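Peer 1: Just a sequence and a predicted model for now, questions to come.
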Amino acid sequence: MAMKTAEEHEVGISCFISDLPGFRGILKQRYSDFIVNEVDRDGTVVQLSSLDAPQEEPESSQENGTNTSDNVVSYASQIESFKSLAGDSDAVLLEEFINKINAGGEDGVSPIVLSPDSDKSHRKAMHNFFKENFKFLVTDVVDGPDASSKCIRVRLNSAEPNNKGKNSKKRKERGDKPFDSRGSENWPKNVGKFLRFHLYKENKDTHEALGVIGNMLSVQPKSFGFAGTKDKRAVTTQRVTVYKQRASRLASLNKRLFGIKLGDFCYVKEGLCLGQLLGNRFTITLRGIVADSEDIIKASADALGRHGFINYFGLQRFGSGSLPTHLIGAALLQGEWKLAVDMILDPRDGEKSAIAKARKYYKESSDVVGTLKQLPRYLVAERAVLQTLKTSPGNYLQALKSIPRTLRMLYVHSYQSYLWNHAASKRVQKYGTENVVLGDLVYCKENSTGKVTESVGSEYAEDCSGRYDSNNEDEISGEIHEEIDSVKVVDVEDLNSGYYTIDDVILPMPGSRIKYPTNHIANVYEDLAKKDGISLTESVHNVEDFSITSITGCYRRVFQKPINFEWELLTYSDSNKQLVETDLDKVNKSKPMGTVKQMGAANGKNEEAFDCIRELESSNDVVKVENYSEIAGEEIKLPHDESLSGSSSQDSQIALKLSFTLPASCYATMAIRELLKTSTSVAYHKTLNQ
């Protein structure tokens, strides 16, 4: 059975703070209606202000991305010797692996797993052979398909200073975070090794945009660092770092990029990692507003600014396509490895026909090799699983472990979020939204400065459809991380003192080191987990990545108020008119006429040509990033609904413009939900355009 996209109530999103009536408004009718600017740790809103490269650049860095000073080393004789030791199939596998390394391919550094081997002495001989003949590679042992066998895994040696396996491809040791260093051997010592720039993108997600840029630079995606992923259907600006690349080279890409611009370049000593941001500044325009009166709109907007919203994890956390990621997370916590693999590979509703065909083919044939030939490269999780099953049939646990850690951990985090949402709803239903109650959890003010530490997570930060592993060792899920002793249970003395308010109430993300409330809300976690066959205190297996007892856990505020909240009502008559200026619009206005090409201006439709990859309205899957010359299709047209004054769409209509900042990991769509009192699902808002 094909999977279906989760509905809000299914993932615990069911309550509101205010009892004001909602009204009709279309979210993201045009992607320029949803503008996101990252806020860095200094509180500065990240904006695109210049497309020009700085004048001073490292003179000795090479212009192209390939180091031509070294020739690719041939290992034909060593592979021939390896064939006599390991057999033909493993020799072919190793040869392909080394060829990929030398070719600088996107998947070139992915480890390979050799055939199962139950002979320990033979495995030792294999290890020694690699040490003597392939110093740029390292080996270790992983579990085989059955209890008595083991497999040797081969990967690049990130610590080898004279790695000659791939055009002198080395890894920068930075907390075990590798970077693609081709073309950077002569980098000046007085210049920061990372180029930081502002990435402006329209109607594509962060991984997608960086995939395009990486292809044009001929560097691997792991060369890039960023603080958080941003929405796909939006106009966003964020900071990105890339390892040892010249600003002039990136600036020169602007004339070839569609829907992407790069600017505000500078060289820095450290690359960005997930979580290095305070939050995001949103500018959201809701079109086609229909309400009984303007007073309702004004009262609702004012209430959102004063009282905020329930800080739910939005639907994106659970997979914005038809991928119920919390269910996969539950299977992992249960130790149901084959079930989890099946969920990742099984057919889903609404996917591109080519992907649907590949999934159906595997479901019916179990042909791993044939499926890999059909499956797009950007489906990282699926391809990683199949690649492992190709070499180790039936080893479902190893297949799951082969998924990049930052991606596979999202499944477990999704299940944690599922429990948290349900607990938050029960807290609102049972105790309301006005007062702290006995047994609530709060941060202990006398033991802390009151400063909240937040980490990465914007609207699509938790989307599991990402194509690439980030260059971060651990996925930072974006909740509030505090020491356990800074959290306390509200007692009678606290209630009498009035020291804590409703804004202080927090709930835990389940883990081994967190406290639970001592009121009825604690039962929500236990009852839901028990229903799914999961214990929150004991693990049914010893696989740490997928064990609730190996996850530390953290906390998250139940209620969130928008920061620097502003709103205004706009009128418009042209449904194709852009109502808010983007960063690129402002750059274009500051440039002499003709200096910056206005994208899409030829036919008078500014937004149609913005997208370099056709948007798939029926699917969350993205086409291959190589196809960046393809132009997007038509925007959704505004329906002929009645405006507040009762006139047709050819006359003036009402839009509501909202501007506010949220800490990282807070979902702007949940603020909009509080305002409209309607679902935030893509499917629902599409119906408003019909």
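Peer 2: Cool, got the structure.

Peer 1: what packs against the strand or helix carrying His122?
Peer 2: Assessed by DSSP states H and E, His122 sits inside helix 120-133. Where contact means 3 or more C-beta pairs under 8 Å, 6 or more residues apart in numbering; DSSP states H and E, helix 120-133 is packed against helix 76-86, strand 137-143, strand 150-156. C-beta coordinates here come from the backbone N, C-alpha and C atoms, glycine included.

Peer 1: hmm, 6 Å instead?
Peer 2: Where contact means 3 or more C-beta pairs under 6 Å, 6 or more residues apart in numbering; DSSP states H and E, helix 120-133 is packed against strand 137-143.

Peer 1: per-residue pLDDT, Thr406?
Peer 2: Thr406 carries a pLDDT score of 75 in this model.

Peer 1: Quick check: Asp88 vs Ser392, distance?
Peer 2: According to C-beta to C-beta, to the nearest Å, Asp88 and Ser392 sit 18 Å apart.

Peer 1: same question, Phe129
Peer 2: Relative to Ser392, Phe129 is positioned 21 Å away (C-beta to C-beta).

Peer 1: So between these two, which is more surrounded?
Peer 2: Higher neighbour count among Phe129 and Ser392: Ser392, with 23 against 16, using other C-beta atoms under 10 Å.

Peer 1: Quick check: that one touching Val142?
Peer 2: No. Taking contacts as C-beta atoms under 6 Å, Ser392 lies outside contact range of Val142: 8.4 Å.

Peer 1: overlap in contacts of the two?
Peer 2: Contact with both Ser392 and Val142 is made by residues Gln398, according to C-beta atoms under 6 Å, 6 or more residues apart in numbering.

Peer 1: count of neighbours near Leu286?
Peer 2: For Leu286, the neighbour count with other C-beta under 10 Å is 25.

Peer 1: roughly how far apart are Asp545 and Glu95?
Peer 2: Asp545 is 31 Å from Glu95, by C-beta to C-beta.

Peer 1: can you pull out the strands in the stretch 201-350 of the chain?
Peer 2: For the stretch 201-350 of the chain, the strands defined by DSSP state E, counting those that start in this stretch cover 224-226, 235-243, 260-268, 279-290, 309-310.

Peer 1: Just tell me which of the ones you listed ends up closest to Ile563.
Peer 2: With C-beta to C-beta as the measure, strand 279-290 is the member of those nearest Ile563 (7.7 Å).

Peer 1: contacting residues around the closest one?
Peer 2: By C-beta under 6 Å, 6+ apart, strand 279-290 touches 24-26, 29, 33-39, 45, 458, 579-580, 638, 641, 654-664, 668.

Peer 1: Would you mind checking these for buried ones?
Peer 2: 25-26, 29, 33-39, 458, 580, 638, 641, 654-664, 668 (16 or more other C-beta atoms under 10 Å).

Peer 1: Phi first, then psi, for the residue lying closest to Asp503 once chain neighbours are set aside.
Peer 2: Spatial nearest neighbour of Asp503, chain neighbours left out: Phe559 (5.9 Å); criterion: C-beta to C-beta, 6 or more residues apart in numbering. Phe559 adopts backbone torsions of phi -120, psi 140, taken as degrees, to the nearest 10.

Peer 1: quick one: Phe559 and Arg306 touch, right?
Peer 2: No. Judged on C-beta under 6 Å, Phe559 makes no contact with Arg306 at a distance of 11.7 Å.

Peer 1: From Lys586, how far out is the residue lying closest to Ala227 once chain neighbours are set aside?
Peer 2: Spatial nearest neighbour of Ala227, chain neighbours left out: Leu277 (4.0 Å); criterion: C-beta to C-beta, 6+ apart. As judged by C-beta to C-beta, Leu277 and Lys586 stand 22 Å apart.

Peer 1: Arg405 now?
Peer 2: Distance from Arg405 to Lys586, by C-beta to C-beta: 39 Å.

Peer 1: quick one, what contacts Tyr411?
Peer 2: So Tyr411 contacts 325, 328-329, 332 (C-beta under 6 Å, 6+ apart).

Peer 1: switch to 10 Å and redo it
Peer 2: Counting by C-beta atoms under 10 Å, 6 or more residues apart in numbering, Tyr411 makes contact with 319, 323-333, 340, 343-344, 381, 400, 403, 464, 545-546.

Peer 1: how about low-confidence regions in this protein?
Peer 2: Low-confidence segments of the chain (pLDDT under 70): 1-5, 56-74, 103-109, 147, 158-185, 320-323, 446-485, 592-650, 681-690.

Peer 1: I'd like the domain boundaries of it, if you could list them.
Peer 2: Following the TED database, the chain resolves into domains at 1-34+285-311+558-585+651-689, 76-156, 191-277, 312-448+481-557.

Peer 1: Dump these into CSV; add distance to Ser49 as well.
Peer 2: Below are the domains of the chain laid out as CSV (distance: least, C-beta to C-beta, whole Å):
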stretch, distance to Ser49
domain 1-34+285-311+558-585+651-689, 8
domain 76-156, 32
domain 191-277, 6
domain 312-448+481-557, 29
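
Peer 1: Can you say which of those domains is packed in most?
Peer 2: Comparing the domains of the chain by mean neighbour count (mean count of other C-beta atoms under 10 Å), domain 191-277 ranks first with a mean of 23.

Peer 1: Just the terminal-to-terminal distance for that one.
Peer 2: The first residue of domain 191-277 is 24 Å away from its last residue (C-alpha to C-alpha, to the nearest Å).
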